[in-house]
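>>> What shape does this take:
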Amino acid sequence: MFYQVDGLTVTGNGGGLLDGRGYTWWSNKCKDDTKNCIPEAPTSLVLMSCNNAELSHLSSKDSPQMHIAVIMSSKVSVTQLTITAPGDSPNTDGVHIDRSENVQITGSTIRTGDDCVSIGPGCRFVTVDGIVCGPGHGVSVGSLGRYGAIESVEHIDVKNVHFINTMNGARIKTWPGGRGYAKSISFTNINFTNVGNPVIIDQFYQDRALPNMGAVVLSNITYTNLQGTSSQKTAVDFDCSGMGSCTQIHVRYVAITASDGRATEARCRNAQGDTTGYVNPRIPCLIS
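Numbering: from 1, shown residues only. Reported below is the predicted structural model:
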């Protein structure tokens with residue numbers, strides 16, 4: 001961990017490797033009915049309360065939990081990283097950002113068992129650009145609003161990302177009962193190759209039994225030039241709370257077919273917004 005450092009540079013000069021040897025942690029991951037286990041696996045590299053920091057040209061392999069975490073920091077550049085872990089390794093997010101602003105993640109390859117990039121509560125002005133992601137769970141904004149927490153996320157720009165054999169692609173996830181907002185989020189120039197859920201908003205993350213509870217309010221969410229293939233029939237899934245929490249969703253050119261060549265479909269609930277230009281599959285709850 002680097003704590004309260006201003007002007008930090010960490011570089012591998014193209015050959016540096018962090019080897020977390022996480023397989024011991026994964027096999028002893030705690031479960032509710034297990035007593036002899038490791039309760040909390042560590043993150044390989046953490047920047048906390050750092051300003052004007054750069055991580056570049058290094059590799060992270062098999063972290064016990066998250067590979068890189070940027071927490072309560074500002075003006076951070078993460079570039080030219082290679083992050084790898086098995087697709088079934090638990091909680092091995094590539095880069096996790098939490099309560100930070102002016103963070104850029106660029107030009108990196110991330111293959112892991114959880115989110116390639118996860119953008120958590122309290123983040124502002126985050127750019128993800130030029131990432132190859134897969135395997136993994138995609139690039140996720142969230143999860144937000146657990147235990148009724150009040151969250152705020154804004155000005156998130158995800159662009160030029162190629163998802164390959166991932167569980168999800170462009171994902172926003174919130175818990176039922178959460179409060180606050182996530183706004184001004186864009187996904188631009190995104191390619192999918194055999195992705196399970198290419199485009200997804202999930203406001204019932206891990207709890208689908210509470211359809212009428214409030215949720216973190218999502219607004220001004222823009223999808224532009226998304227194309228490729230889905231491993232499932234449903235390529236676009238906007239599943240929003242019934243409390244008016246998904247508005248100003250803008251979709252501009254989408255062309256997603258099934259990996260087997262068949263037609264795909266969109267599913268939506270309680271989402272409001274519009275589409276422009278060619279959009280396939282058609283999204284029935286948005287105005288075209």
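>>> any idea how far the spatially most central residue of the chain lies from residue 189?
Geometric centre of the chain, nearest residue: residue 140, 1.6 Å, by Cα atoms, centre = their mean. Here the criterion is Cβ to Cβ, to the nearest Å. By it, residue 140 lies 18 Å from residue 189. The C-beta positions use only the backbone N, C-alpha and C, and glycine is treated the same way.
>>> if we can go back for a sec, what is the subsequent helix or strand relative to the helix or strand hosting the residue nearest to the centre of the chain?
In this structure, residue 140 sits in strand 139-144 according to DSSP states H and E. Using DSSP H and E, the helix or strand that follows strand 139-144 in sequence is strand 150-164.
>>> so what's the residue nearest to the centre of the chain bridging to?
residue 118, residue 171 (DSSP bridges).
>>> ok, it - contacts?
Each residue near residue 140 by Cβ atoms under 8 Å, 6 or more residues apart in numbering is listed here: 115, 117-119, 168, 171-173.
>>> Return the member of these nearest to residue 77.
residue 117 (14.0 Å; Cβ to Cβ).
>>> Which residues are in contact with that closest one?
With Cβ under 8 Å, 6+ apart, residue 117 has these contacts: 93-97, 105, 110, 128, 131, 133, 139-140, 158.
>>> cutoff 6 Å now
95, 105, 128, 139 (Cβ atoms under 6 Å, 6 or more residues apart in numbering).
>>> Could you dump these into a markdown table and include pLDDT and secondary structure?
Below are the contacts of residue 117 laid out as a markdown table (pLDDT from 0 to 100; DSSP: H, G, I helix; E, B strand; the rest coil):
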| residue | pLDDT | secondary structure |
| --- | --- | --- |
| 95 | 98 | strand |
| 105 | 98 | strand |
| 128 | 98 | strand |
| 139 | 98 | strand |
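>>> would TSV of those with distance to residue 254 be doable?
Listed next are the contacts of residue 117 as TSV, based on distance: Cβ to Cβ, whole Å:
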residue	distance to residue 254
95	26
105	24
128	19
139	17
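>>> Give me the distance from stretch 128-138 to the chain's centre.
Offset of stretch 128-138 from its chain centre (Cα atoms, centre = their mean, to the nearest Å): 9 Å.
>>> what's the distance between the longest strand along the chain and the middle of its chain?
Looking across the chain with DSSP state E, the single longest strand is strand 179-195. When distances are taken as Cα atoms, centre = their mean, strand 179-195 is centred 8 Å away from the chain's centroid.
>>> That one pairs with which strands?
strand 150-164 (parallel), strand 217-230 (parallel).
>>> quick one: the helix or strand that the shortest one is followed by to strand 179-195, angle?
Looking back up the chat, that one is strand 217-230. Heading C-terminal from strand 217-230, the first helix or strand you meet, by DSSP H and E, is strand 234-239. Using axes from the mean of the first three to the mean of the last three Cα atoms, to 10 degrees, the inter-axis angle of strand 234-239 relative to strand 179-195 is 170 degrees.
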